[in-house]
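Colleague: Fold the following.
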Amino acid sequence: MPPAPTPPPSRISRILRRRHGGLLVFVVVFVAIAQLTRLGLLFQARHDVAWSPFGLLGAVASGSLFDLAAALLCSAPLWLLLTALPARFLTGRLGRGATRGLFVAILSALLFGAVAEWLFWDEFGARFNFIAVDYLVYTREVVGNIRESYSLPWIFGGLTLATLATAVALWRTRLLDRWFAAPPEPWSRRWRGSLPWLAAIVLAGAGLEESAIPAFADNYQRELAKNGLWSLFAAFRANELPYDQFYPTLPLDDAFATLRHDLAADGSTLPSALAHDTLRLVRNPGPELHPNIIQITVESLSAEFLGCFNPDSALTPNLDALAAHSLVFTNLYATGTRTDRGMEALTLSLPPTAGRSLVKRPRNEDLFTLGSVLRTRGYATAFLYSGYGYFDNMNYYFGHNGYRVVDRATVDQSDITFANAWGACDEDLYNWTLREADAAHAAGRPFHHFVMTTSNHRPYTFPAGRIDLPSKTSGRAGAVKYTDHAIGQFLRAAAEKPWYKDTIFVIVADHCASSAGRSELPVEKYHIPLLVFAPGGQIAPGRINTLMSQIDYAPTLLGLLHWSYPSRFFGQDITRINPTQGHALIGNYQKLGLLAGNTLVVLKPVQQTTTYHWNSSTSALTPAGPDAALLSRTIAEYETASDLYARGAYTPPTAAESAALLAGHPKLATTGSAASEIAFAAIASVGNVSAPPATP
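Modeller: This is a model prediction of the structure:
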């Protein structure tokens, strides 16, 4: 009986029997680990994700496509090696040993990436994005943060065991042995065999964009539909998003006309000669007040942490006591989810432009800021940060916008009693602040200090014995309570100073503690506190419930001080508008939103818009019909902000611009001390020019 015919080899066997067959092994392993990572992230978000079968199946299907594309792109170096190495490289013991070692290294790297994604998801509820790109740049703080937050021996020990176990499982499939058994291929055959793989790699790089991800109603599903490594490179490539290329636009004349109509709501005067500008004349009645201003910008202080916002919280007894004696803004929203966004909004009063914050962009020098206005009245301005201010380009930004910088690198080591990867503890920072305030007071100048804390940040460590919760192990709750303790201690120390009653103290957050949520822009994750405390009675306590965002802070503060000045701020003095006209600009790295009443309009790449109804009681966002007027306002805010930055026009007003402002007010231009102050403010430089004292 003749022997049974040998079945023809399968397609996979035929691929493995070629020089580039190892690429197939790499792609299979890459996709398998990526899918297991996705399942792990789904498990981590199990209490938050929407468990809709079609949504989850769509996320897995979309994610598989991105996994495959990422695997092909990452295989490019292997493709080059396999094409260029000698024909008999894989037939020798040395070549096979080196190849096995390379695969072990690849397995280790892929599993390390999976763990990194798990930790990143735990912090941000998202796949790798712009934050991860920044973290690759600022390795000192990030590595220190990870070392202090997690048990690295356990993590790396587990990674080693997982790598070895995966390698053994791979060896047992005998895929590599079947590949090693491939006959040597001459150069010409290797080159021809490499072309299909090269075509697949090029197609993966050129034919797939993250804009192809379906519009999931649940943001967790959308994040699960991505591949982490792909998202990392997409974020790196798209650090800056040209507005007119990625977002809906209006004719520029219409955009500025819409914006200027909104800006006039607080009584400002906008000259028609400056149609493509926000420059306007702000006039406030009454004598100007010139108190010192200490603005404490607290890391990650969500409104829900304060008892005055959330009766169930007992973490902030000092701030709750302070709120009873402060002007409290109850309806304030952060413009973004990172510290640099908060700094941008609080100093520039500018919408969160797409891509990176202006704090980290080029051409961010000599801008129109709260500090530049204060310096026209002789204020000494300083930025105090408990960490190293090179992080997020903070020192450069503040230093090139007229602020003197005091950070961890500029103080003596004896001034630091406790520190972690992010910076000195809040108590140390406030001691520096007291010292700087004493020096400014001794020099006879009013001062403005922008103070930025770091203690309410992972690893949540702080000096022992300060509160009734332990450092680190109590997590965010302990960090918030310590932050509150340090503020209370600072204010009690300040009360002993001669400048205390001549100072107003501002407590505000840079952003919330968490930005993750099911929706594209979860509004409740942007709600932050703002307390203005004036122990000398310059600003009366109370509550203001008008909807606002951080860009409204600077003009509102100056309005409370009765200042008249030329302004380029996008924000408004919310004490001078009809409360129904209040609105908040919120965004992340790609999505730009405007909340007005219970309607949220979101702009997103590429040229897409979505309108939602927001339920303020449940925080639910439900799709709503288009609102043409609100959409136009939203586009106008963001398009004009991008245009002014691109033209380098968001600067202190020049003498010519001052003349244009005063042209419509001949009485102001010729009489009165207010006129001289307005004119001086308009032509004063960003630097060290000091205005003459106000005439009583």
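
Colleague: for the chain, which helix is longest?
Modeller: helix 93-124 (DSSP state H).

Colleague: For that helix, buried residues please.
Modeller: 96, 99, 103, 106-108, 110-111, 113-117, 120-121, 124 (16 or more other C-beta atoms under 10 Å). Every residue, glycine included, has its C-beta placed from N, CA and C.

Colleague: Which stretches in the stretch 401-550 of the chain count as strands?
Modeller: 404-406, 447-452, 503-509, 527-533, 542-544, 548-549 (DSSP state E, counting those that start in this stretch).

Colleague: Pull up the pairing partners for the fifth one, direction included.
Modeller: On the basis of DSSP bridges, the sheet neighbours of strand 542-544 come out as strand 327-333 (parallel).

Colleague: For the strand it pairs with, list the C-alpha coordinates in PDB.
Modeller: Extracted as PDB, the C-alpha positions of strand 327-333 are listed here (Å, rounded to 0.1, in the frame of the first residue of the first chain):
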ATOM      1  CA  LEU A 327     -15.400  85.400  48.700                       C
ATOM      2  CA  VAL A 328     -16.100  81.900  47.400                       C
ATOM      3  CA  PHE A 329     -16.700  81.200  43.700                       C
ATOM      4  CA  THR A 330     -18.800  78.100  43.600                       C
ATOM      5  CA  ASN A 331     -19.100  77.500  39.900                       C
ATOM      6  CA  LEU A 332     -15.500  77.600  38.700                       C
ATOM      7  CA  TYR A 333     -14.100  75.100  36.200                       C
END
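
Colleague: Make 23 the first number, not 1, from now on.
Modeller: Done: numbering now begins at 23, and the last item shifts to strand 349-355.

Colleague: Go ahead and confirm residue 319 touches residue 368.
Modeller: Yes. Using C-beta atoms under 8 Å, residue 319 is in contact with residue 368, at 6.6 Å.

Colleague: sorry, back to before: okay, the strands of the stretch 423-572 of the chain, which one's buried deepest?
Modeller: strand 570-571 (a mean of 28; mean count of other C-beta atoms under 10 Å).

Colleague: What strands flank that strand, and is each parallel or antiparallel?
Modeller: Here, using DSSP bridges, strand 570-571 pairs with strand 349-355 (parallel).

Colleague: contacts for the next helix or strand after the strand it pairs with?
Modeller: Sequence order places helix 361-370 as the next helix or strand after strand 349-355, per DSSP states H and E. By C-beta atoms under 8 Å, 6 or more residues apart in numbering, the residues outside helix 361-370 that reach it are 317, 319, 321, 356-358, 372, 374, 378-382, 389-393, 414-416, 419, 423, 472, 474, 530-533, 571-573, 575-576, 591, 609, 672.

Colleague: Please compute how far helix 361-370 lies from its chain's middle.
Modeller: Computed by C-alpha atoms, centre = their mean, to the nearest Å, the separation of helix 361-370 from the middle of its chain amounts to 10 Å.

Colleague: Please report the average pLDDT across it, rounded to a whole number.
Modeller: Averaging pLDDT along helix 361-370 gives 97.

Colleague: picking up where we left off before, nearest to residue 287 among the strands of the stretch 423-572 of the chain would be which one?
Modeller: strand 570-571 (12.8 Å; C-beta to C-beta).

Colleague: just the helices in the stretch 223-372 of the chain please.
Modeller: Applying DSSP state H, counting those that start in this stretch to the stretch 223-372 of the chain gives helices spanning 241-246, 250-259, 265-268, 274-285, 339-345, 361-370.

Colleague: Indicate which one of the ones you listed is closest to residue 561.
Modeller: Smallest distance to residue 561 across those (C-beta to C-beta): 13.3 Å, for helix 339-345.

Colleague: which one of the helices of the stretch 223-372 of the chain is the most hemmed in?
Modeller: Scoring the helices of the stretch 223-372 of the chain by mean count of other C-beta under 10 Å, the most buried comes out as helix 361-370, with a mean of 27.

Colleague: got the angle between the longest helix of the chain and helix 250-259?
Modeller: Following axes from the mean of the first three to the mean of the last three C-alpha atoms, to 10 degrees, one obtains 70 degrees for the angle between helix 115-146 and helix 250-259.

Colleague: packing partners for helix 115-146?
Modeller: When contacts are defined as 3 or more C-beta pairs under 8 Å, 6 or more residues apart in numbering; DSSP states H and E, helix 115-146 packs onto helix 43-66, helix 152-159, helix 174-194, helix 197-202, helix 250-259.

Colleague: for the shortest one, packing partners?
Modeller: It stands for helix 197-202. Secondary elements touching helix 197-202 (3+ C-beta pairs under 8 Å, 6+ apart): helix 33-38, helix 43-66, helix 115-146.

Colleague: go on, the third one?
Modeller: With contacts defined as 3+ C-beta pairs under 8 Å, 6+ apart, the packing partners of helix 174-194 are helix 43-66, helix 115-146.

Colleague: mind putting those in TSV, distance to residue 503 and mean pLDDT included?
Modeller: Shown next, in TSV, are those (distance: least, C-beta to C-beta, whole Å; pLDDT from 0 to 100):
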stretch	distance to residue 503	mean pLDDT
helix 43-66	26	93
helix 115-146	20	90
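
Colleague: mind checking which of those helices is nearest residue 345?
Modeller: Set against residue 345 and scored by C-beta to C-beta, the helices and strands packed on helix 174-194 come closest in helix 115-146, at 28.9 Å.

Colleague: circling back: as CSV, the helices and strands packed on helix 115-146 with distance to residue 554 would be great.
Modeller: Shown next, in CSV, are these (distance: least, C-beta to C-beta, whole Å):
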stretch, distance to residue 554
helix 43-66, 39
helix 152-159, 30
helix 174-194, 43
helix 197-202, 66
helix 250-259, 37
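
Colleague: can you redo the helices and strands packed on helix 174-194 as a markdown table with distance to residue 210?
Modeller: Formatted as a markdown table, those follow (distance: least, C-beta to C-beta, whole Å):
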| stretch | distance to residue 210 |
| --- | --- |
| helix 43-66 | 18 |
| helix 115-146 | 20 |
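
Colleague: For residue 308, find the nearest of the helices and strands packed on helix 115-146.
Modeller: helix 152-159 (43.8 Å).

Colleague: wait, which of the strands of the stretch 423-572 of the chain is closest to residue 310?
Modeller: Between residue 310 and the strands of the stretch 423-572 of the chain, the shortest gap by C-beta to C-beta is with strand 525-531, which sits at 13.6 Å.

Colleague: where in the stretch 223-372 of the chain is pLDDT low?
Modeller: 259-263 (pLDDT under 70).
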